[in-house]
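**Student:** the sequence and its predicted three-dimensional model are supplied below.
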Amino acid sequence: MTASDAIGGTAGTGNTTWDWEAEREAAVALSLCHGLGAVGIGRLRAAHGTAHAAIGGNAETWAAALGCSVDRAARLRQRVDLGGARREIDAGRAVGAAVVAVGEPAYPTLLGAVPDPPPFLWCQGSLDAKDAWAVAVVGSRRASAYGRDQAARFARGFAERGHTVVSGGARGIDAEAHRAALRTGGRTIAVLGSGLACPYPPEHAGLFREIADGRGAVLSEFPMSMPPRAELFPRRNRIVSGLSLGVLVIEARARSGAAITARIAVEDHGREAMALPGRVDSPTSEGCHRAIREGWAGLVTSVDEAIEQLGSSPQLVAGALAVSALQPASRELSVVAVSIGRALADGPADRERLVDRLVSADIDVGAAFAELTLLELRGLILRGSDGQYDLCESFREVLPPTRGSEETSRP
């Protein structure tokens, strides 16, 4: 089913007929509402039934769903801009992109099973039921010849066995994986860290067109005109993991985006992680070696070994769909995460101000910013286009009060 085919239709779900065009418009409008995030939007959908119904809710129902004051909920609700959502959808159509809202048939099955999935995706190309058997291949942008060869070998093998190959569209390992899947006649999905009207890297525009032209899909959760920014790529990586049964890492530094993607697959999504060993003296393989050594990624040297780890059976798909739907905010917060929350409780802060607050609280800054990335991925922290960090309501709700005081919502 192509995403474009779904636009403008209605669909029966049980005894309810949903207006998917209105649902997509509402999902886009909520996503443009600063302060909500995926967790907040998910709670509004759960409380009202659909994003469209949430738009029609009042401040009291929003406050109950978000766990905030009625005044705060009223201010959030006033930021909803349906006109802006319609303009955004028109901009998407201009570049051949359609909106696919969570819950509708075209939305990727595996991604819909993760905690707090993106409320919608922009899609160029087509999504298919076969994408439920997707495998991600990720790695270094500065890949060696060995890394590029191995990315092509594994992607080709996955495609030949009927698996959709997912990656992030970046230079190096990602691009080799996409191209190998295409050469084999298989399907591939590229998830961008920018808006679809600003594809990045720009030299891959031809590759993205080839993918969208009947060979797969190019996806993004970001506004059409959003340029690539460093803070967007962790969110992109979460989608790469969520779309896939497992993540194979080929050449990745210890704290690289590729390594984080694989970690998210295991810890947040209940999926498989695999790593290909490289030269022991190569910095670009240290992330793979660490993952293998720590035991959270399986060592693989062939496509057959990767398929064996994935376990190519319907039970694996069923297991992926059974991942707990608990909100990330309900998980136990680390001491560092609580410190970050308290540092932002008095208001947004840019990096410099946040560092000052953390230092004054005697918190290790390096550990804090590593935790901050994970909090962003879990939808508990938002980073605006001005670089300011802010708490989502879902984080504010579960943040323990300071000793001798009660937590209050910031006006």
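**Tutor:** Cool, the structure landed.
**Student:** wait, what's in contact with the residue lying closest to Ala306 once chain neighbours are set aside?
**Tutor:** When the adjacent residues along the chain are set aside, Ala306 lies closest to Val300, with 4.6 Å between them (Cβ to Cβ, 6 or more residues apart in numbering). Every C-beta, even on glycine, is put in place using the N, C-alpha and C of the backbone. For Val300, the contacting residues are Leu248, Met274, Ala275, Leu276, Ala306, Gln309, taking Cβ atoms under 8 Å, 6 or more residues apart in numbering as the criterion.
**Student:** domain assignment for this protein?
**Tutor:** Each structural domain of the chain that the record assigns through automatic domain parsing is listed here as a residue range: 3-93, 124-321, 329-398.
**Student:** quick check: the residue nearest to Ala306 vs Arg351, distance?
**Tutor:** Remark: distance between Val300 and Arg351 (Cβ to Cβ, to the nearest Å) = 38 Å.
**Student:** what of Ala106?
**Tutor:** With distances taken as Cβ to Cβ, Ala106 is found 38 Å from Arg351.
**Student:** the two: who's more crowded?
**Tutor:** Neighbours around Ala106 and Arg351, counted as other Cβ atoms under 10 Å, are more numerous at Ala106. The numbers are 24 against 14.
**Student:** for the more buried one, which three-state class applies?
**Tutor:** Three-state assignment for Ala106 (DSSP: H, G, I helix; E, B strand; the rest coil): coil.
**Student:** could you do the one 10 residues further on as well?
**Tutor:** The three-state assignment at Asp116 reads coil, by three-state DSSP.
**Student:** is it in contact with Leu36, as I believe?
**Tutor:** No. Taking contacts as Cβ atoms under 8 Å, Asp116 lies outside contact range of Leu36: 11.3 Å.
**Student:** by mean pLDDT, point me to the weakest helix or strand of this structure.
**Tutor:** strand 10-13 (a mean of 38; mean pLDDT, DSSP states H and E).
**Student:** tell me which stretches of the stretch 1-150 of the chain form strands.
**Tutor:** Taking DSSP state E, counting those that start in this stretch as the test, the strands found in the stretch 1-150 of the chain are 10-13, 16-19, 98-101, 120-125, 135-139.
**Student:** picking up where we left off before, buried ones among the contacts of Val300?
**Tutor:** With neighbours counted using 16 or more other Cβ atoms under 10 Å, these contain these buried positions: Leu248, Met274, Ala275, Leu276, Ala306, Gln309.
**Student:** helices - which of these land there?
**Tutor:** Taking DSSP state H, the ones among the buried ones among the contacts of Val300 that sit in helices are Ala306, Gln309.
**Student:** next one: Ala205 from Thr109, what distance?
**Tutor:** Relative to Thr109, and taking Cβ to Cβ, Ala205 is found at 29 Å.
**Student:** compare the two and say which is more crowded by neighbours.
**Tutor:** Regarding Ala205 and Thr109, a neighbour count based on other Cβ under 10 Å identifies Thr109 as having more, with 16 against 11.
**Student:** and the nearest residue to the more buried one once chain neighbours are set aside, how far from Leu358?
**Tutor:** Of all residues not flanking Thr109 in the chain, Ala132 sits nearest, at 4.8 Å (Cβ to Cβ, 6+ apart). When distances are taken as Cβ to Cβ, Ala132 and Leu358 turn out to be 42 Å apart.
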